[in-house]
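A.B. asks: Need coordinates for the below:
(one chain, ligands or ions: 1)
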Amino acid sequence: MNVTSQIPFPSNLITTVTGYYSDSKLKSEGHGSVFTTLAIVWFSVVLIGSPTLKWIQQRWKAWGYLFGGPAMIQEAFAKANGKPFEVVSQETRHIFISSPTEIKQLLSSPSEDLSFYAAARYLAQPQYTMHNFNWLDHEGVTAMGKAKSEGGGFTKAVRVCLTNNLSRVLPSLGHIVEKEVEAMLHEHKIVDGVRQSPIHEMITRLVVLCNIRAIFGAELATNETFVKAAQAYIEQTILGSEAIRIMPHWFQPVIGRIVPRWMTAQHVVYATLLPIVQERLKERELPLAEQPQHADCIQWVIDCSTSLVQQKGQSSGIGAERAVHELMAIWFGSVHAVAAVVTFAIEDLCLHQEYIAPLRQEIDAQFEGFKRAGQPSGLPLLDSFIKESARLAPNEALSTRRAALKPLSFTDSSNKTWHLAKGDWLCTPLWALNMSDQIYTNPEKFDGFRFVPSEVLKAISESSPKTKPAQSKPGKIYDTDYEWLMFGIGKQACPGRFYATATFKLIIATIVRKYDLRMVKPGVKRWWTMESALVPREVGIVFTEREDR
Ligand code: HEM
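C.D. replies: Numbers count the residues shown, from 1 in each chain. Have a look, this model is predicted:
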């Protein structure tokens, strides 16, 4: 990593030298330095030959990943013809696999070999950004190699408890969205006589409020100081971890101590959650009948971790600090991907207005029932529309990141052996697979009802822009299989996918039911890329209350 920082050095030097000195003598000295620099570069190229040039090219490409990662992955996927392929970022070597044979090998590798948590830890830098959370590289073992008895119940808290609570919480989330959209629309600026709403900012605020209500409970959802800090904590973590990671490895601990000084939101979130968790832990000492009931992740993280510890025959439950850290990690992963999916889907609704009528028909008939039942599988037309939007514009170009904790060997589908070095990352090329003509008919075309079961499509044939689904196999947005990797696959697949799906639908249906939507500039670019992520650009949308309601 330290060598990459040398790449811009000669050109920086040239700029500094020629730009700084003004009198002719010094200028000629300046030129002397330029010539010396060029001579050194030339000499090293001649002396060491093409390996140096190749190395410079490779490092240049690696830095290109920072703003062009998705395009590099697409290009390499197209050349690889289904075989494993490599894309090097400024930080690590990614090996991409896409065939079921290879993905099965990833799924069957123990976490001591291929670690989801080590990759996630490197990405988020929680020791600096999440109030000194030093999480586990693989279940039961800390990064330092010490055995740990606490923690580990948070996936169950999200996958089982949060999902089971949907029927109770969705009606409240519906009220929050309705009220907040109305309030926000009044605040947005009027430009050329039209009120224009910054859609990503607006959706992010809605997702933050819904998620706080569902994850931390009703009280914190109305605590504006906490709401602001919770959102800022995610944004500061994303920027702070990026600022640390782009530094050379040896410099990361130094910058890791400096950058968090302005990341104050993590301390507000931690300090707010800690006394609540401590109180909940105290309540567990009361007789069962006297213990208050709470339906939020704060409680479920405590309950699920305690039952896990009891199953293992250990006496103590989760500590307050660890519980808060786990809640901060859940919270960190819960907002931005959801906001990106909803933002892109709303934009697609503006761009493909022919879907509005059938979607409204479904929403009018089924939305209230969907909220009461809390079934993420409900509203099948809307499900397909959102899935198609996320297929063409996923929030991430890759999925299933795993860091190799030691050198590993695998065999590809044609029985050839390939290797991972310690520190390499194994991933799947999510976006490239979404665009593959081996999987999708007309993959470039937006087809909002592509994934709808044919019987559902037949029933709405009068208002539908299509009567036959483009895919032979229908599918749900929260599916996990070898071709649809948005939420990962296997035992580490996203436990929040059922909650996330219900929230996408809740926000979009609430908006579409009440407002007509139009994009201010339909041709604008909708995202920029940062490493492997697609980050929504701010796009203006005009909301007009429906007259035909
Ligand atoms: C669009 C929304 C979302 C997307 C695309 C998404 C995607 C993912 C992916 C790809 C993984 C890793 C899977 C793997 O590597 O195999 C993951 C893990 C995870 N996600 Fe999500 N996620 C979303 C929303 C959420 C939400 C709303 C929550 C919480 C409420 C959540 C909580 C988690 C957690 C806790 C993990 C780690 C699982 C573990 O430790 O095994 N996610 N997610």
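A.B. asks: Mind checking what secondary structure the most centrally placed residue in the chain has?
C.D. replies: Nearest residue to the geometric centre of the chain (C-alpha atoms, centre = their mean): residue 337, 4.3 Å. Here residue 337 is recorded as helix under DSSP: H, G, I helix; E, B strand; the rest coil.
A.B. asks: Now do the same contact list for it.
C.D. replies: 395-396, 500 (C-beta atoms under 8 Å, 6 or more residues apart in numbering). The C-beta positions use only the backbone N, C-alpha and C, and glycine is treated the same way.
A.B. asks: Residues of the stretch 51-200 of the chain that sit close to the ligand?
C.D. replies: Contact residues (C-beta under 6 Å from any ligand atom) of the stretch 51-200 of the chain with the ligand: 116, 155, 158, 162.
A.B. asks: which of those lies closest to residue 261?
C.D. replies: Of all those, residue 261 sits closest to residue 116, with 29.8 Å by C-beta to C-beta.
A.B. asks: quick one: low-confidence ranges for this protein?
C.D. replies: 1-51, 135-152, 307-317, 461-469 (pLDDT under 70).
A.B. asks: burial measure for the nearest residue to residue 100 once chain neighbours are set aside, as a count.
C.D. replies: Nearest residue to residue 100, sequence neighbours excluded (C-beta to C-beta, 6 or more residues apart in numbering): residue 482, at 4.4 Å. Other residues lying near residue 482 total 17 when counted by other C-beta atoms under 10 Å.
A.B. asks: Let me see the contact set for residue 482.
C.D. replies: Residue 482 sits next to 99-100, 103, 489 when contact means C-beta under 8 Å, 6+ apart.
A.B. asks: Give me the subset of the residues of the stretch 51-200 of the chain next to the ligand that lies in strands.
C.D. replies: Taking DSSP state E, every one of those sits outside strands.
A.B. asks: Could you pick out the residues of the protein near the ligand for me?
C.D. replies: So far as C-beta under 6 Å from any ligand atom goes, the chain lies against the ligand at 116, 155, 158, 162, 330, 333-334, 337-338, 341, 395, 399-401, 486-489, 492-496, 499-500.
A.B. asks: repeat that with 5 Å
C.D. replies: Counting by C-beta under 5 Å from any ligand atom, the chain comes close to the ligand at 155, 158, 333-334, 337-338, 341, 399-400, 487-488, 492, 494, 496, 500.
A.B. asks: Most neighbours among the residues you listed, please name it.
C.D. replies: residue 341 (28 neighbours).
A.B. asks: picking up where we left off before, helices - which of the residues of the stretch 51-200 of the chain next to the ligand land there?
C.D. replies: Those of those mapping onto helices are 116, 155, per DSSP state H.
A.B. asks: possible to save the residues of the stretch 51-200 of the chain next to the ligand as CSV with distance to residue 68?
C.D. replies: Shown next, in CSV, are those (distance: C-beta to C-beta, whole Å):
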residue, distance to residue 68
116, 25
155, 33
158, 33
162, 36
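A.B. asks: Name the nearest of the residues of the stretch 51-200 of the chain next to the ligand relative to residue 238.
C.D. replies: Taking these together and measuring to residue 238 by C-beta to C-beta, the closest member is residue 116, at 18.8 Å.
A.B. asks: Now for residue 359: which residues touch it?
C.D. replies: 349, 381-382, 385, 512.
A.B. asks: Can I take it that it is in a strand?
C.D. replies: No. Under three-state DSSP, residue 359 falls outside any strand and is assigned helix.
A.B. asks: which residue packs closest to residue 385, ignoring adjacent ones?
C.D. replies: residue 448 (4.3 Å).
A.B. asks: Count the neighbours of that neighbour for me.
C.D. replies: 25.
A.B. asks: For it, what are phi and psi?
C.D. replies: In terms of degrees, to the nearest 10, the main-chain angles of residue 448 are phi -60, psi -30.
A.B. asks: Most neighbours among the contacts of residue 359, which one?
C.D. replies: residue 385 (30 neighbours).
A.B. asks: Am I right that that one is in contact with residue 355?
C.D. replies: Yes. Contact criterion C-beta atoms under 8 Å: residue 385 and residue 355 qualify, at 5.9 Å.
A.B. asks: shared neighbours of these two, anything?
C.D. replies: Joint contacts of residue 385 and residue 355 (C-beta under 8 Å, 6+ apart) are 349, 448-449.
A.B. asks: List just the nearest of those to residue 75.
C.D. replies: Using C-beta to C-beta, the shared contacts of residue 385 and residue 355 come closest to residue 75 at residue 448, 28.0 Å.
A.B. asks: Contacts only, for the closest one.
C.D. replies: By C-beta under 8 Å, 6+ apart, residue 448 lies in contact with 348, 352, 355, 384-385, 388-389, 465.
A.B. asks: Report the buried members of those residues.
C.D. replies: 348, 352, 355, 384-385, 388-389 (16 or more other C-beta atoms under 10 Å).
A.B. asks: Looking at those, spot the one nearest the ligand.
C.D. replies: Distance to the ligand across these (C-beta to the nearest ligand atom) is lowest for residue 389, with 11.4 Å.
A.B. asks: Helix or strand next in line after the helix or strand containing that closest one, which one?
C.D. replies: Counting by DSSP states H and E, the element that carries residue 389 is helix 380-392. Following helix 380-392 in sequence order, the next helix or strand is strand 399-404 (DSSP H and E).
A.B. asks: Check which helices and strands that following strand sits against.
C.D. replies: Applying 3 or more C-beta pairs under 8 Å, 6 or more residues apart in numbering; DSSP states H and E, one finds that strand 399-404 contacts helix 100-108, strand 114-115, helix 116-124, strand 425-428.
A.B. asks: highest average neighbour count across the ones you listed?
C.D. replies: Most buried of the helices and strands packed on strand 399-404, by mean neighbour count (mean count of other C-beta atoms under 10 Å): strand 114-115, with a mean of 26.
A.B. asks: Show me what that one pairs with in its sheet, parallel or antiparallel.
C.D. replies: strand 399-404 (antiparallel) (DSSP bridges).
A.B. asks: For burial, what's the neighbour tally of the nearest residue to residue 456 once chain neighbours are set aside?
C.D. replies: Of all residues not flanking residue 456 in the chain, residue 380 sits nearest, at 5.1 Å (C-beta to C-beta, 6+ apart). Residue 380 is flanked by 19 other residues according to other C-beta under 10 Å.
A.B. asks: In contact with residue 380, which residues?
C.D. replies: 362, 452-453, 456.
A.B. asks: Now the phi/psi pair for residue 439, please.
C.D. replies: phi -110, psi -40.
A.B. asks: quick one: it and residue 432 touch, right?
C.D. replies: No. Judged on C-beta under 8 Å, residue 439 makes no contact with residue 432 at a distance of 10.4 Å.
A.B. asks: the more surrounded of these two?
C.D. replies: residue 432 (21 against 15).
A.B. asks: what about that one, helix or strand, and which?
C.D. replies: Counting by DSSP H and E, residue 432 is part of helix 430-434.
A.B. asks: The helix or strand just after that helix: which residues count as buried?
C.D. replies: Next helix or strand after helix 430-434 toward the C-terminus (DSSP H and E): helix 454-459. Buried residues in helix 454-459, counted by 16+ other C-beta under 10 Å: 456-457.
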